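S.K.: any chance you can model this:
(one chain, ligands or ions: 1)
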Amino acid sequence: MEDCIFCKIIAGQIPCSRVYEDEKVLAFLDINPISEGHTLVIPKAHAENLWEIHEEDLTAVHMASKKIIRAMKQVLNPEGVACLQLNGRGVNQVVMHYHLHLIPRTKGSEPLPVSSWELKPGNQEAIARLAEKIAANLG
Ligand SMILES: [Zn+2]
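M.R.: Model (predicted):
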């Protein structure tokens, strides 16, 4: 896609700090990291979000993520790694090319805001009803 910054990175028109690449996937460090080692894993085929991405590209992104966090463990020894993926401007997706964030949290660092929310029990009946509705609409 012409105006897509990630497509430009894939095409080599914009530089990146690459950590992984294969036929279907590119991964590089985020230039605005939430934490040290914050990595973006993207499919080379442009797709805006989870609704659009082809299954084989989605699989490739997640298989690559597994390899990358294994290496991250060696290099950063994180307490954990958050895998975050946003779909749509309404949830602050900024670049409209599917990307999976790999966000490591190292020992002693601030808790990640994306992975530390308060647990409040919901309405269990409403949860059960909604699960049924969504399940009934699976293609
Ligand atoms: Zn793109």
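
S.K.: give me the most central residue, the chain.
M.R.: residue 100 (1.5 Å; Cα atoms, centre = their mean).

S.K.: how about the contacts made by that one?
M.R.: 40, 41, 42, 61, 62, 65, 83, 84, 85 (Cβ atoms under 8 Å, 6 or more residues apart in numbering). In short, each C-beta sits where N, CA and C put it, glycine included.

S.K.: swap in residue 24?
M.R.: Neighbouring residues of residue 24 by Cβ under 8 Å, 6+ apart: 43, 44, 45, 56, 57, 60, 61.

S.K.: burial measure for residue 2, as a count.
M.R.: Neighbour count of residue 2, defined by other Cβ atoms under 10 Å: 6.

S.K.: can you tell me the SS state at it?
M.R.: Following DSSP: H, G, I helix; E, B strand; the rest coil, the label given to residue 2 is coil.

S.K.: number the residues from 877 up from this point.
M.R.: Got it, first residue is 877 now, which makes that one residue 878.

S.K.: what parts of this structure come near the ion?
M.R.: Contacts of the chain with the ion, taken as Cβ under 5 Å from the ion, map to 877, 880, 882, 883, 922, 973.

S.K.: which strands and helices sit next to the longest helix along the chain?
M.R.: As assigned by DSSP state H, the longest helix anywhere in the chain is helix 931-952. The contact analysis (3 or more Cβ pairs under 8 Å, 6 or more residues apart in numbering; DSSP states H and E) places helix 931-952 against strand 894-897, strand 901-905, strand 915-919, strand 956-960, strand 976-981.
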